[in-house]
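Q: Test case, fold it:
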Amino acid sequence: MLKKLFEYLTGGEIQVSDDKKKWTAEEANKYMQDTMLFTPRMFKIINELNPTAGVTFADFYNSIWEDGALSRKVKELIFMAGGVAYMSPRCIIHVYPAVKAGATVEEVFEAASVGMILAGFVPEGPGIPYAFEYAAKCVELAQKMINGEEWEYLPPPKWDHGVF
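A: As a prediction, the model looks like this:
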């Protein structure tokens, strides 16, 4: 229908390419790693079923997170701080791309602290004492990542609606 609309409006024809790249799951995971600085856990599964969706998401993600007026590092730290404020274990994974983008443990601590304070001010927020655990987890993760130690931000799924 869009093709017909374009032809109607322009009087021309659209050349539609059938040369779309066929991605494998491994290629999509690597593309996400290179583009987003990490491959989200859920996309390791999604990419097995539809790698093009992962690549498309990575391009969308990068359009927001790429360096602009704010650096990628700052944007990742902002998102991580939001994860602390709302006690979202899936959001604090953004400490990883923040570190990959150059964040130090001190910067992670300061951003996590802002998130912890935010938890006490947002409507129906979890409160500072509860968000403190997530702030501390971000700092622990950053220290382990920078030191090259094993780390995990979230236990394996238990199929319990993500509550742990």
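Q: what's next to whichever helix in the chain runs longest, contact-wise?
A: Using DSSP state H, we find that the single longest helix of the chain is helix 128-147. By CB atoms under 8 Å, 6 or more residues apart in numbering, the residues outside helix 128-147 that reach it are 80, 83-85, 87-89, 92, 95-96, 98-99, 103-105, 108-109, 111-113, 115-120, 125, 149-151, 153. For the C-beta atoms, the positions are set from N, CA and C on the backbone; glycine is no exception.
Q: Look up how far Tyr31 lies from Val139.
A: Going from Val139 to Tyr31 by CB to CB, to the nearest Å gives 30 Å.
Q: any idea where the helices of the protein begin and end?
A: Assigned by DSSP H, the helices in the chain fall at 2-10, 25-36, 41-49, 51-65, 72-85, 95-100, 105-118, 128-147.
Q: and Trp159, which of those helices is closest to it?
A: helix 41-49 (13.2 Å; CB to CB).
Q: Buried residues, that closest one. List them.
A: Neighbour counts over helix 41-49 (16 or more other CB atoms under 10 Å) mark Phe43, Ile46, Asn47 as buried.
Q: Show the contacting residues for the last one.
A: Under the criterion of CB under 8 Å, 6+ apart, the neighbours of Asn47 are Trp23, Ala25, Ala28, Asn29, Met32, Thr39, Ala53, Gly54.
Q: re the thing from before, for PyMOL, what selects the buried ones among the contacts of helix 128-147?
A: Restricted to buried positions by 16+ other CB under 10 Å, the PyMOL selection for the contacts of helix 128-147 reads:
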select buried, resi 80+83+84+85+87+88+92+95+96+98+99+103+105+108+109+111+112+113+115+116+117+118+119+125+153
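Q: what's the angle between the longest helix of the chain and helix 105-118?
A: Taking axes from the mean of the first three to the mean of the last three CA atoms, to 10 degrees, helix 128-147 and helix 105-118 form an angle of 160 degrees between their directions.
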